[in-house]
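K.L.:
One predicted model, sequence on top.
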Amino acid sequence: MATIKDIAQKASVSAATVSRILNQDDTLSVTAQTRERVLKIAQELNYTKHLKVTAERHLSIGIFQWYSVFQELEDPYYQSIRVGIEKYCADHDIHVVRTFHSDTNYPNTLKELDGLICIGKFNKAQIVSFQNLNSNTIFIDMKTSKIHCNTIVLDFHAAVIEALEYLYKLGHRKIAYLGGKEILPDNSIYFEERKDTFIRYCQEHSIEYEPYLYEESFTAESGYEMTKKLIAHGNLPTAIFAASDPIAIGAMRALYEAGYKIPEDISIVGFDDINVASFSNPPLTTVHAPTEFMGEYAAHYVKLQANDNDLKYQTPIRLTLPCDLIVRNSCCPPKAE
């Protein structure tokens, strides 16, 4: 690999002069011919590393969202991820190209960008398609069985266990699960780790859960409807684990309408820690998901990859971020039977 000294020797100038020319130092007093000769020799010697580093350019990063704008309003989980990306890009002067699954021309829109961030769930064919579109691609909130693409995910397994252990220690032995299904474009159902962990934990700790297992979507309306079914079924559980805060908030409304008090009659734990969770009545105990940071880190990773091609061996990475249980006022020990 060519060095500054190689260029200096061939151009018959000092290494310092070469460095200042490559750094586009306008205060350097050299002739236009000398400047042009140095740049031409650097190009002939394939000296690209320092040219790339020193000549700062504005990056362009694409965002592909599998949620629509309207879905974002119903479930702010993915909106928070997008906000994290856009805040980071704004702070680092990175141009953002935003597209949705509903945009039929998105492959052309996302061409020739410095990186691509895909938010949501995608099947194998889509993953390959995005990687072919841009080798500097990272997927957010999509855990694959094998690490064959760059991903950032949350540690759902540990988070659910922490929430259930909290309820278990309070004395709850009848716990409902209210969750949502995520359908991929090929009509397959995405594996829901929160539900799987919930079932395993309940089975291992002799918690009654089977009559209280409901899945629809991750919205407040869905939480409301699932809880109405739960109430109509009779024999309520002593606690509810909701796989999203909107589901939990919808569930709380249904319980209040039916005359139940939270947490005196039934405890409830949410997931996400959206802004309104601390303002619900009572304030919602929930799992804090660092969604905005997921977006920030994804943008940071893509920026690093776009500016640094020095690694000879490229391998996919999976970054798993921890979640924390935020205890507020929506849980208490169950009533004595």
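P.N.:
Okay, I see it. These numbers come from a predicted model, not from an experiment.
K.L.:
Val83: what's it in contact with?
P.N.:
Contact analysis of Val83 by C-beta atoms under 8 Å, 6 or more residues apart in numbering lists 292, 295. Using the backbone N, CA and C atoms, a C-beta is placed for each residue, glycine as well.
K.L.:
check which helix or strand covers it.
P.N.:
helix 77-91 (DSSP states H and E).
K.L.:
what about the residue lying closest to Lys87 once chain neighbours are set aside, which helix or strand?
P.N.:
Among residues not flanking Lys87 along the chain, Glu296 sits closest, at 6.7 Å (C-beta to C-beta, 6 or more residues apart in numbering). Element membership of Glu296, judged by DSSP H and E, is helix 291-307.
K.L.:
Could I get the buried residue list for that helix?
P.N.:
291-303, 305-306 (16 or more other C-beta atoms under 10 Å).
K.L.:
in the helix holding Val83, what's buried?
P.N.:
77-86, 88-89.
K.L.:
which ones are touching Tyr177?
P.N.:
So Tyr177 contacts 195, 198-199, 209, 212-214, 240-241, 243 (C-beta under 8 Å, 6+ apart).
K.L.:
Please narrow those residues to those residing in strands.
P.N.:
Those of the contacts of Tyr177 mapping onto strands are 213-214, 240-241, per DSSP state E.
K.L.:
phi, psi of the residue nearest to Ala15 when sequence neighbours are not counted?
P.N.:
Leaving aside its sequence neighbours, Ala15 sits nearest to Ala8 (C-beta to C-beta, 6+ apart; 4.4 Å). Phi and psi for Ala8, reported as degrees, to the nearest 10, are phi -60, psi -40.
K.L.:
wait, Ala8 sits on Ile21?
P.N.:
No: with contact defined as C-beta atoms under 8 Å, Ala8 does not count as touching Ile21 (10.0 Å).
K.L.:
For those two, work out which one has more neighbours and name it.
P.N.:
Ile21 (23 against 18; other C-beta atoms under 10 Å).
K.L.:
gap between the more buried one and His300?
P.N.:
As judged by C-beta to C-beta, to the nearest Å, Ile21 and His300 stand 31 Å apart.
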